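[1] The sequence isn't on hand, but the structure is:
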Ligand SMILES: C[S@@+](CC[C@H](N)C(=O)[O-])C[C@H]1O[C@@H](n2cnc3c(N)ncnc32)[C@H](O)[C@@H]1O
C-alpha cells in the first residue's frame, strides 16, 4: 500500500486531502482512474485475494507432518506440546469428503482427546471424542477413549456402553483384552455407586442473557441541539436498569487476540479449539460459533448403521444417541440462532482480512452482511446499503482522507473477487465505502472483556486466596474485538456518563448507573472520563479519535476534578488552593471563566460551581464576585494567588513518581530499605502535588502494592485507603474505578484477618458493581461471591 501511495501525484494527493463530502465522488473517480491502469495496483490486489498465494490455504501434508510431531511429544509425555501440535494439524486439515481427510480428522481428534485426558481436561476430551465419532462412527479408538473419559467424569453408565461398543467393533484379540480390562474396572466403579447415574454435564455452552432484567426500558431517539441524534426515555429510569442489549452489525477480533479468542463470540478458546473448515485463519470456541460465523459448513459424517454389527438394542440406541447428538444440535442452532456469514466472503483463499487494520475489515464485513441480507430480500440490484451513522468526513485530517480513499478502492476490488459483478467497483461504490470507513471510525466500539486471571480461576474452583503476591492482580480489562452496533451508535458521549456499556461475548449491554429523569440524555463514555483525564486531555483525545469537540456538561462547567487532577499544591500553609499550568481568565460581570493552554481555549460556566464548597477551597479566586479578579496565570494558586516555581515542582514530582514505581517493581521480599526510600519519595511528591492530585493517588497505590509484596499488610491497608479517598474526589464514590481499588483493599483486609473491614469493603464493591453490571455481576466477577464468603467466615470465627 505504501509503495502504491508513493506513486500518487502530489496534486491528486492534495485534492483528496482537501476534499469535502460534496467532492468525494470526484476524488474517488480520479484516484480510481489513476490506480486502475497501474500494474503494481493489480499485483497488490492479486497478493490480497489470489487463492494461489493465500496464506490461509489448508494442506493435508502439513496436517500429517504436524500430527507426527504431536505423536513424538505424546510419547515423551509432553502432553501440552502434543496438544498444541494436534490442534495445529486440525487447523491445516482440509475438511473435504475425501476418505483420507475424514480418517485423519478422526485420528487427530482422538489423539488430541488423549492428550487432554492426560492433562485432566475431561469435558474438552469428551467433546473431541464426540467429534471423532461424528466423523467416523466405526472408529474403535474414539469409542474406547470416550468410555475412558466418561469414567473419569463419573458418567459410568455411558462409559460402560461406550466400552461395550468399542469391544463389539474391535477385531484383534489383544485390543479386545485391553477393552475388557477397562470395562471390568469401570463396571466395578459403577457398582460402587449403586448404579446411580451421575448427570452428564458435558454441554458447557453458557446462556448469555440476563434473566433477572425483566422490565425493558422504553428508549427513543431524540434530536439534540449540540450533538445531533441522541437517546432518551419518556419515563424516569431507576439506577442499574438494563436499557438495551444488541448484537453487532459486524464485528472483528483484535489482532492481539487472534490465537487466543474465539473469532465469533470473542471468549477465550478452550483446549479443544475448533477451526474454520475452509481456511486456516479463524479459531472458534464451539461448533455453534463456528457455524454462526459462516464460512463453509462443517459436515459431520452420519452414514452409519448400528444394525450391521449385530449390536443389542440398547447399544444400538446408545450409538444412535451419540452419533446424532451433533446433528441434532446443528438443527437446533438453525432454529434458534441467526447465521451471520461475516466470514464467508473472506475465506477459501484470501489474505486481506489478515493484512488490513480492523476498521477496514469491519467495513468489508458490514458490506458483506448487508449484501447477504439484500440478496435474501431480492434487492441485489443496489450493491450497498446507506447507513445513517455520523461520519464527519469534512473534519478528517488530509492524510487520513487519502488513506481511506486507498483502502476503499482496494477493499472494493477485494470484495469484487467474491461477489463479482454484484459488487461493481465504481466511483459511487468507492465513495460510499470511504464514508462507511469514516462511519466505522466514528461509531464503532471496542469490545472489552474482563479477564479471569489465575487468581480468579482459583476463586472459581473454590480454592482460598493463597499467594499474597497475586492478590492485587485480579481484574484486567482486555480489548478483544471491534464492532459496530446499529442502536448502540445512537448514544452520545459524556465525560461523566449515566450509562455503562459492557459486553458478554459479542453482545452489547447498556445499563443506567444513576437515576435518570424522563427525557434526560442517556449518555455513555467513548473512553475519556472526568477523573481519568483533565478537560484538555479529554477534548484532545475525542477530537483525534472521533473528530468532534465534546460539549458534555463536564466540559462546559467548572468542576473540582478538572481543577485538581494535575494540580500542584499551594506553598502557603493551610491553603488547599490548586496551582495549575493553565491560564484562567474571567471577563468582568460574566458568569464564566476561560481557560487556555497550548493553543486550546475552553469556556466554562460557573453557574453550579459557586455553591460547591470544595471548589471554593481550591479555586476561590475564580468564584470571587465579578470585578475582583480578571486573570490567574500558570503557576499561581487559584485560591490565594501565591506563586510556585512550576518547572522545579514538575521535575520533583516526575522524578519522585518514577522512582516510586521503579522501587515498587523491584522490591524483593523484606526489603525495608526499598520501602523507606519509597515512603520518603511519597512525602516529596506530596510536598509539591495537590493532595487530590491523580499522581498522589497513583503513588499511594504503588506503595500499597510494595507493602503487600513484602507482606506488611497494615500499612498496605492505610495506603490503599488513602488512594481510594483521592479517587472518590476525582471520580465519585460509586465510580467503577473506586470499586476496583476496593477489591484490592478487601483482599488485603482478608489476608490481615480483618473480616469486618473486608465485609464492609466487599459490600461497597457489590453496590458499585451492581450499579454497572446489574445481575450480570456474578457472571463477570465470580470471585466477588467467594471473597464475600471468606470475609463472613473470618468475621464469624472472630466473633465466636
Ligand atoms: C456514535 S455517534 C452518536 C450519534 C450521533 N449524535 C448522531 O447524530 O448520529 C457520535 C457522534 O455524535 C456526536 N456527539 C456525541 N457525543 C457528543 C458530545 N459529547 N459532544 C458533541 N458531540 C457529540 C458527535 O458528532 C459524534 O461524532
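    Here it is on my side, so go on. Bear in mind the structure is a predicted one, so any value in this text is a computation, not a measurement. Numbering: from 1, shown residues only.
[2] tell me the contacts of the closest residue to the ligand within the stretch 201-350 of the chain?
    For the stretch 201-350 of the chain, the residue positioned closest to the ligand under C-beta to the nearest ligand atom is residue 228, at a distance of 2.7 Å. Using the backbone N, CA and C atoms, a C-beta is placed for each residue, glycine as well. If a contact means C-beta atoms under 8 Å, 6 or more residues apart in numbering, then residue 228 has 390, 492 as its contacts.
[3] Show the pLDDT at it.
    With respect to pLDDT, residue 228 has a value of 93.
[4] What of residue 628?
    pLDDT recorded at residue 628 is 59.
[5] Go ahead and report the secondary structure state at the residue in the stretch 251-400 of the chain that the ligand sits nearest to.
    Per C-beta to the nearest ligand atom, residue 390 is where the stretch 251-400 of the chain lies closest to the ligand, at 4.0 Å. Local secondary structure at residue 390 is given as coil here, using DSSP: H, G, I helix; E, B strand; the rest coil.
[6] same question, residue 528
    In terms of secondary structure, residue 528 is coil; the call rests on three-state DSSP.
[7] Hmm, it is touching residue 541, no?
    Yes - Residue 528 is within contact range of residue 541, at 4.9 Å (criterion: C-beta atoms under 8 Å).
[8] where does the residue of the stretch 201-350 of the chain closest to the ligand fall, phi/psi-wise?
    phi 70, psi -140 (degrees, to the nearest 10).
[9] Pairing partners for it in the sheet, please.
    Counting by DSSP bridges, residue 228 is bridged to residue 224.
[10] From residue 222, how far off is it?
    Counting by C-beta to C-beta, to the nearest Å, the gap between residue 228 and residue 222 amounts to 10 Å.
[11] Need the residues touching each of these two.
    Taking C-beta under 8 Å, 6+ apart as the contact rule, residue 228 and residue 222 touch no residue in common.
[12] Counting neighbours, what do you get for the residue of the stretch 51-200 of the chain found nearest the ligand?
    With distances taken as C-beta to the nearest ligand atom, the stretch 51-200 of the chain approaches the ligand most closely at residue 56, which sits 33.1 Å away. Counted with other C-beta atoms under 10 Å, the neighbours of residue 56 add up to 19.
[13] I figured the residue of the stretch 251-400 of the chain closest to the ligand hits residue 442, correct?
    Yes - the pair residue 390 and residue 442 qualifies as a contact (C-beta under 8 Å) at a distance of 5.4 Å.
[14] about what we covered before: please report the distance of the residue of the stretch 51-200 of the chain closest to the ligand from residue 45.
    The spacing between residue 56 and residue 45, counted by C-beta to C-beta, is 17 Å.
[15] same deal with residue 567?
    Using C-beta to C-beta, we find residue 567 at a distance of 55 Å from residue 45.
[16] next SSE after the worst-scoring helix or strand of the chain on mean pLDDT?
    Ranking every helix and strand in the chain by mean pLDDT, DSSP states H and E puts helix 454-460 at the bottom, with a mean of 49. Using DSSP states H and E, the helix or strand that follows helix 454-460 towards the C-terminus is strand 475-484.
[17] from the middle of its chain, how far away would the helix or strand just after that next one be?
    On the C-terminal side of strand 475-484, the nearest following helix or strand under DSSP H and E is strand 492-493. When distances are taken as C-alpha atoms, centre = their mean, to the nearest Å, strand 492-493 is centred 20 Å away from the chain's centroid.
[18] Check which helices and strands strand 492-493 sits against.
    Using 3 or more C-beta pairs under 8 Å, 6 or more residues apart in numbering; DSSP states H and E, the elements in contact with strand 492-493 are strand 228-232, strand 523-524.
[19] residue boundaries of the strands in the stretch 251-400 of the chain?
    Assigned by DSSP state E, counting those that start in this stretch, the strands in the stretch 251-400 of the chain fall at 274-275, 283-284.
[20] Within its sheet, name the partner strands of the last one and how each one runs.
    Each strand that strand 283-284 pairs with, and the sense of that pairing, follows from DSSP bridges: strand 274-275 (antiparallel).
[21] picking that back up, of residue 528 and residue 541, who's got more company?
    In terms of neighbours (other C-beta under 10 Å), residue 528 is the more surrounded of residue 528 and residue 541; the figures are 23 against 16.
[22] And what about the closest residue to that one other than its chain neighbours, helix, strand or coil?
    In space, residue 528 comes closest to residue 538 once its chain neighbours are excluded; the distance is 3.9 Å by C-beta to C-beta, 6 or more residues apart in numbering. Going by three-state DSSP, the secondary structure assigned to residue 538 is helix.
[23] Might you report the residue contacts of residue 538?
    With contacts defined as C-beta under 8 Å, 6+ apart, residue 538 is in contact with 495, 528, 529, 530, 550, 555.
[24] For it, give its distance to residue 740.
    20 Å.
[25] Same question for residue 216.
    Counting by C-beta to C-beta, the separation of residue 216 from residue 740 is 29 Å.
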